[in-house]
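Undergrad: dropping the sequence and predicted coords here.
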Amino acid sequence: MQFADPQEARDFLHQHPEVRLIELMLIDANGIPRGKLLHRDELLALYENGRPLPSSILALTIQGEDVEDSGLVWEVADADCWTYPLPGSLCLQPWRTQPTGQLQVSMHPTRGLPAAPADPRHVLIRAIDRLKADGYHPVMAVELEFYLLDQQRDTKGRPQPALQMNGVRPQAPQVYGVYELEQLQPFLDDLYAACEVQGLPVRTAISEYAPGQLELTLEHRFDALQAIDEGLRYKRLVKGVASKHGLQACFMAKPFGDQSGSGLHLHVSLADEQGNNLMASDDPQGTPLLRHAIGGMMATLDDALAIFCPNANSYRRFQANSYAPQAKSWGVNNRTVSFRVPSGPALSRHIEHRICGADANPYLAAAAVLAGIHLGIRQQIDPGEATVGNGYQQLHDTLPVDWLSALHALENSAWARDALGEDFLKVFLAIKWTEFRQFMGEVGEQDWRWYLTHA
C-alpha cells in the first residue's frame, strides 16, 4: 500500500493559492464517493498524519444509511479509522464555481482497522498482487456508458434526455451519430478540459444506442490499479461537469425500460514484468493463456454476478438483442457474448468483459474479473468453443439474472470468500441484504398500476 508524500501537498498549495477548499473522498462498497470538504489549512496535516473517518462510512447502503449487521457500526462503537491520501490524486475540480481541490484517500491497512478490510480498493490490490506473484501483470482499461439527462423531469415525473444545443430533445438512438455529439459540444468541451486538468486519459466519444446515451473511452494502463482509480475519478468528474451544465449524468444500469442499458466494460490482458502482452497472438482466438482466462471468468460468473450487477435495477439490463449478454459465452469480434476478444493487431489481443452494469463498483468488478482469470489460469479451465454469429440465438448456459439468486450465489461461494476476503464479503453482503429487504418492502407506482384494481 503506497500513500502520498507530503511534498505533493506543499507543491499543490504553492501552485494554487486560490484554492480554499479540498474535497476528500473515499470510495465505498457501492462505488459512491464519501468524505468531507476540508479547508486548505487542513491539507498538509492530512498528508503527514492521515485523517480519521468513521468505520461506518464503509458500511452504508446506496442511500447512505448505516447497516448494523456489517459489524462496523455499534459493535465497534463507530470507531474512527485512519485514511491516507493516494499518490497523484490531488488535483483541481474545474467544474466548481469556486476553486476547489480533490483528493482521494484509502484506509490504512493497520491504522484503518476495523474498517480497512471493507475498503474496495484493498480488495482489488489483493487480486492484483496474487496475479503478480505468479508473474502476471494485469493491464486494464475502463469503458463507462451513461445517460445525459435534464435535471428537470417530464410532465409525468419521469427522467428525460437532455436538450441539445438546437433546443430539440433527442427521440431516436442515432447510434454513432456525429451530429448528436456536435449538439453536446459545450458539455463535451468542458468534460475533455476537466479530464486534462485531472490527468485522466479520456479519448474517443461515442453517441451510444439510445437518445442521450454516451460513452467515452479511457486508455489501457499497464498498472491495473491506476486504470481503475482513473475510472472512478472519471465517473466523479462526469457527474460534476454535467451538474455545472444543469444536467444529470446517470449511471443506472437500466434507466429506461424501452431503451438500451448502460454497461461498464472492462478490457483486460496480462503482461510480463517488461510489459509484453502474454495474450498476444496472430490467432484471433488468442493464446491458451487467454482462453484459460476466459474459462476462469466463466467458471466464477455465477458467484460474482452480485458484484458485477449489485442492484435490483442491474438485472433489467439483460434483454435479448440489447448488447447486454445473456449467457456464459465468448467469441471473437462479437458483441452478443459475455467475453469478447476484440479484433485488432496481434500485440493488442485482450478480453472485453461485458457483464457489468454501469452501476457496478469498478474496484470490486475488476477484482472479481482478475480473481476469475487467476483461477482459470491455475486450473487451465477450457472455455469451450467460441460463439460464432448471434449469441442471443445460442443460449446454452444462461445467466441467473435476478438479484436474489445472485446474492445467494455470492453468499455461498467459497471462491468469493477467498478471492475477495471473508471480512470484506461479510460487510458487502450485509449491505446488499439490507438494500434487498428495503427495495422489496417498498410499494410504489408500478404495484398500484398492476394490482390496485384487479388483484
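TA: Everything's here; your move.

Undergrad: helices along the stretch 251-400 of the chain, start to end?
TA: 288-299, 301-308, 362-379 (DSSP state H, counting those that start in this stretch).

Undergrad: can you check which of the ones you listed gets nearest to Pro94?
TA: Taking C-beta to C-beta, helix 362-379 is the member of these nearest to Pro94, at 22.4 Å. For every residue, glycine as well, the C-beta is placed using N, CA and C.

Undergrad: which is the next helix or strand following that closest one?
TA: helix 403-411 (DSSP states H and E).

Undergrad: who touches Tyr363 in this structure?
TA: Ile27, Gly31, Pro120, Arg121, Val123, Leu124, Ile228, Leu232 (C-beta atoms under 8 Å, 6 or more residues apart in numbering).

Undergrad: for the residues you listed, which one is nearest Arg349?
TA: Nearest to Arg349 among the contacts of Tyr363, with distances taken as C-beta to C-beta, is Ile228, at 21.1 Å.

Undergrad: close enough to count as contact, that closest one and Met140?
TA: Yes - counting by C-beta atoms under 8 Å, Ile228 touches Met140, with 6.6 Å between them.

Undergrad: what sits in contact with each of the two?
TA: Common neighbours of Ile228 and Met140 (C-beta under 8 Å, 6+ apart) are Ala366.

Undergrad: wait, isn't Thr287 in contact with Leu278?
TA: Yes - counting by C-beta under 8 Å, Thr287 does reach Leu278; the two are 7.1 Å apart.

Undergrad: check contacts around the nearest residue to Val139 once chain neighbours are set aside.
TA: In space, and not counting its chain neighbours, Val139 is closest to Ser269: 4.8 Å by C-beta to C-beta, 6 or more residues apart in numbering. Going by C-beta under 8 Å, 6+ apart, Ser269 touches Pro138, Val139, His220, Asn277, Leu278, Met279, Leu290, Arg349, His350, Ile351.

Undergrad: between the residues you listed, which is closest to Glu445?
TA: Scanning the contacts of Ser269 for proximity to Glu445, where the rule is C-beta to C-beta, the winner is Ile351, at 40.5 Å.

Undergrad: what's the burial count for the closest one?
TA: 24 (other C-beta atoms under 10 Å).

Undergrad: how about low-confidence regions in this structure?
TA: 1, 321 (pLDDT under 70).

Undergrad: switch to 80 and redo it
TA: 1, 320-323, 391, 393-397 (pLDDT under 80).

Undergrad: what segments of it are strands?
TA: Assigned by DSSP state E, the strands in the chain fall at 21-27, 33-39, 51-54, 80-85, 91-92, 100-107, 137-150, 202-207, 213-218, 247-250, 264-271, 330-332, 339-341, 351-353.

Undergrad: residues touching the first one, excluding its own?
TA: If you take C-beta under 8 Å, 6+ apart as the criterion, strand 21-27 is touched by 33-40, 42-43, 46, 51, 53, 57-58, 83, 90, 93, 98, 100-107, 119-121, 232, 236, 361, 363.

Undergrad: what subset of those is buried?
TA: 33-35, 38, 40, 43, 46, 51, 53, 57-58, 83, 90, 93, 100-107, 119-121, 232, 236, 361, 363 (16 or more other C-beta atoms under 10 Å).

Undergrad: how far away is Val139 from Glu182?
TA: 33 Å (C-beta to C-beta, to the nearest Å).

Undergrad: name the residue in these two with the higher neighbour count.
TA: Val139 (21 against 13).

Undergrad: that one touches Leu270, doesn't it?
TA: Yes - using C-beta under 8 Å, Val139 makes contact with Leu270 at a distance of 7.0 Å.

Undergrad: now list whatever residues contact both of these two.
TA: With C-beta under 8 Å, 6+ apart as the test, Val139 and Leu270 both reach Asn277.

Undergrad: sorry, back to before: let me have the helices of the stretch 251-400 of the chain in TSV, extended by distance to Ser243.
TA: Output for the helices of the stretch 251-400 of the chain, formatted as TSV (distance: least, C-beta to C-beta, whole Å):
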stretch	distance to Ser243
helix 288-299	36
helix 301-308	27
helix 362-379	21
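
Undergrad: so which of these is nearest Gln15?
TA: Of the helices of the stretch 251-400 of the chain, nearest to Gln15 by C-beta to C-beta is helix 362-379, at 29.3 Å.

Undergrad: got the CA positions of the closest one in CSV?
TA: In CSV, the C-alpha atoms belonging to helix 362-379 read as follows (Å, rounded to 0.1, in the frame of the first residue of the first chain):
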residue,chain,number,x,y,z
PRO,A,362,-15.2,-0.7,-10.7
TYR,A,363,-12.8,-1.7,-7.8
LEU,A,364,-14.9,-4.8,-7.0
ALA,A,365,-15.8,-5.6,-10.5
ALA,A,366,-12.1,-5.6,-11.6
ALA,A,367,-11.1,-7.6,-8.5
ALA,A,368,-13.7,-10.3,-9.4
VAL,A,369,-12.6,-10.3,-13.0
LEU,A,370,-8.9,-10.8,-12.1
ALA,A,371,-9.6,-13.4,-9.5
GLY,A,372,-11.6,-15.4,-12.0
ILE,A,373,-8.8,-15.1,-14.6
HIS,A,374,-6.3,-16.3,-12.0
LEU,A,375,-8.4,-19.4,-11.2
GLY,A,376,-8.8,-20.2,-14.9
ILE,A,377,-5.0,-20.0,-15.4
ARG,A,378,-4.1,-22.1,-12.4
GLN,A,379,-6.7,-24.7,-13.2
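
Undergrad: mind checking which residue lies nearest the centre of this structure?
TA: What sits nearest the mean C-alpha location of the chain, by C-alpha atoms, centre = their mean, is Pro362, with 2.7 Å.

Undergrad: what comes up buried for stretch 213-225?
TA: Gln213, Leu214, Glu215, Leu216, Thr217, Leu218, His220, Arg221, Ala224, Leu225.

Undergrad: how near is the fourth one to Lys235?
TA: Pointing back at Leu216 there. Taking C-beta to C-beta, one finds Leu216 at 11 Å from Lys235.

Undergrad: again with Ser343
TA: 28 Å.

Undergrad: the more surrounded of the two?
TA: Lys235 (22 against 11).
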